[in-house]
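build me a model from this:
(chains A, B, C and D)
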There are 2 protein chains.
Amino acid sequence: MTTNDLLEVHPALFDRVRLAIMAHLSVAKKPVDFNTLLAELELTRGNLSTHVRRLEEDGLVRIDKTFVDRKTRTTYACTARGKKEISQYLTAIEALLRSSL
Amino acid sequence: MTTNDLLEVHPALFDRVRLAIMAHLSVAKKPVDFNTLLAELELTRGNLSTHVRRLEEDGLVRIDKTFVDRKTRTTYACTARGKKEISQYLTAIEALLRSSL
DNA sequence: GCATACTGTTTGTATTACAAACCGGTTTGC
DNA sequence: GCAAACCGGTTTGTAATACAAACAGTATGC
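Numbers count the residues shown, from 1 in each chain, chains lettered A, B, ... in the order given. Okay, here's the model as predicted:
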């Protein structure tokens, strides 16, 4: 059954914000910083902060903090695990797509 | 931007159970009854009941109640709206798929 | 008539998404 | 040099929601 594939998908990806974050990070060549992501996704800061932290806790995203011009600069990158999970998500959806069209 | 497509997706579909329900119903030739869906998706009755009701409230699913052998029989079917929304979902994900692989 | 099973629904709880308030530090205005 | 405004996020309070347990109505077996 195709629908069972959905149960294999990482739970954190079943949220539109987190999926959008992962989609963004998984295609980026370089780490993306907080404000860039914020602008692209049109979220509040708190919302982005908590979602990305959850993704980090689940090992899908890596968070790096540095200083640029004496200001903090936080960047996010997709981990290998993250790429794997998003790929698995897409595979599951693809299966649905094939079976339903 | 491909990620913006995600924001167009119906919020009710961002739940693995509801997505599984819709996937199931959207491919079915005939309405599917409660217990069939229950067995296929391995849920508790309460869980299925509430999720499918939400889908009905959002106009994605039609609920029909009849009597068979003096027992109640509830069946679910995907509405036209439901097919449209699931299709939009799949389109958005397909866009992600293309851009990220 | 009483117990058991079938088909769902309602309710209580625990989780979670979200934005507002907050916080440490920096730059700007005076 | 002091206060106000700003920057880059984090923490907290609240409202929504996912879930399973308890419940309800009906039918069947004894």
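
list the buried residues for stretch A:51-61?
A:51-52, A:55, A:58, A:60-61 (16 or more other Cβ atoms under 10 Å in any protein chain shown). (Each C-beta comes from the backbone N, C-alpha and C, glycine too.)

pLDDT score for A:N4?
Here, the pLDDT recorded for A:N4 equals 63.

now the spatially most central residue of chain A: closest residue in space that isn't a chain neighbour?
When Cα atoms, centre = their mean is applied to chain A, the residue found nearest the centroid is A:M22 (1.9 Å). In space, and not counting its chain neighbours, A:M22 is closest to A:I86: 5.1 Å by Cβ to Cβ, 6 or more residues apart in numbering or on different chains.

so that neighbour sits against A:I21, correct?
No. Between A:I86 and A:I21 there is no contact under Cβ atoms under 8 Å: 10.3 Å.

quick one, which of those two is more surrounded?
A:I21 (29 against 25; other Cβ atoms under 10 Å in any protein chain shown).

show me what the helix or strand hosting the more buried one is packed against.
A:I21 belongs to helix A:16-27 when elements are defined using DSSP states H and E. Applying 3 or more Cβ pairs under 8 Å, 6 or more residues apart in numbering or on different chains; DSSP states H and E, one finds that helix A:16-27 contacts helix A:34-41, helix A:45-57, strand A:61-68, strand A:71-78, helix A:80-100, helix B:5-8, helix B:80-100.

about what we covered before: please list which of the buried residues of stretch A:51-61 are also close to DNA strand D.
A:V52 (Cβ under 7 Å from any atom of the strand).

could you list the low-confidence segments of chain A?
Scanning chain A for pLDDT under 70 picks out A:1-4, A:97, A:100-101.

so what sits opposite A:I63 in the bridge?
For A:I63, the beta-bridge partners under DSSP bridges are A:Y76.

wait, it sits on A:V52?
Yes. The pair A:I63 and A:V52 passes the contact test of Cβ under 8 Å, sitting 7.0 Å apart.
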